[in-house]
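A.B. asks: structural data only, the sequence is not supplied:
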């Protein structure tokens, strides 16, 4: 899978950074695969993308 992103007026290094984050979100299911939960992006103290945390319930018994 490859994501190609083109944004006018933005530094190419920033575009690469956005591509990396979008690729990771799609790959782990954090963009559209989490229902009733959270996708949390983690960055270090310099603002460098470090990872993705998914917080959701894969199974929950519902009251009838």
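C.D. replies: Structure's in. What do you need? From a predicted model like this one, the values you see are computed outputs, not experimental measurements.
A.B. asks: in the lowest-mean-pLDDT helix or strand in the chain, what counts as buried?
C.D. replies: The weakest-scoring helix or strand in the chain, judged by mean pLDDT, DSSP states H and E, is helix 12-28 (a mean of 94). By 16 or more other C-beta atoms under 10 Å, the buried positions in helix 12-28 come out as 21, 25. C-betas here are computed from N, CA, C, even on glycine.
A.B. asks: next: stretch 37-55.
C.D. replies: The neighbour-count check on stretch 37-55 (16+ other C-beta under 10 Å) flags 39, 52 as buried.
A.B. asks: what's that stretch in contact with?
C.D. replies: Here stretch 37-55 makes contact (C-beta atoms under 8 Å, 6 or more residues apart in numbering) with 17, 20-21, 24-25, 28-31, 34, 56-57.
A.B. asks: turn these into TSV, including distance to residue 2.
C.D. replies: Listed next are these as TSV, based on distance: C-beta to C-beta, whole Å:
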residue	distance to residue 2
17	16
20	12
21	15
24	13
25	14
28	16
29	18
30	18
31	16
34	23
56	27
57	32
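A.B. asks: is residue 42 in a helix, a strand, or coil?
C.D. replies: Secondary structure state of residue 42, per DSSP: H, G, I helix; E, B strand; the rest coil, is strand.
A.B. asks: endpoints of stretch 53-64, how far apart?
C.D. replies: The straight-line separation of the ends of stretch 53-64 (C-alpha to C-alpha, to the nearest Å) is 31 Å.
A.B. asks: now the residue nearest to the spatial centre of the chain, nearest residue through space, not along the chain?
C.D. replies: Centroid-nearest residue in the chain, with C-alpha atoms, centre = their mean: residue 25, separated by 3.1 Å. Spatially, and ignoring its direct neighbours in sequence, residue 25 is nearest to residue 31 (4.1 Å; C-beta to C-beta, 6 or more residues apart in numbering).
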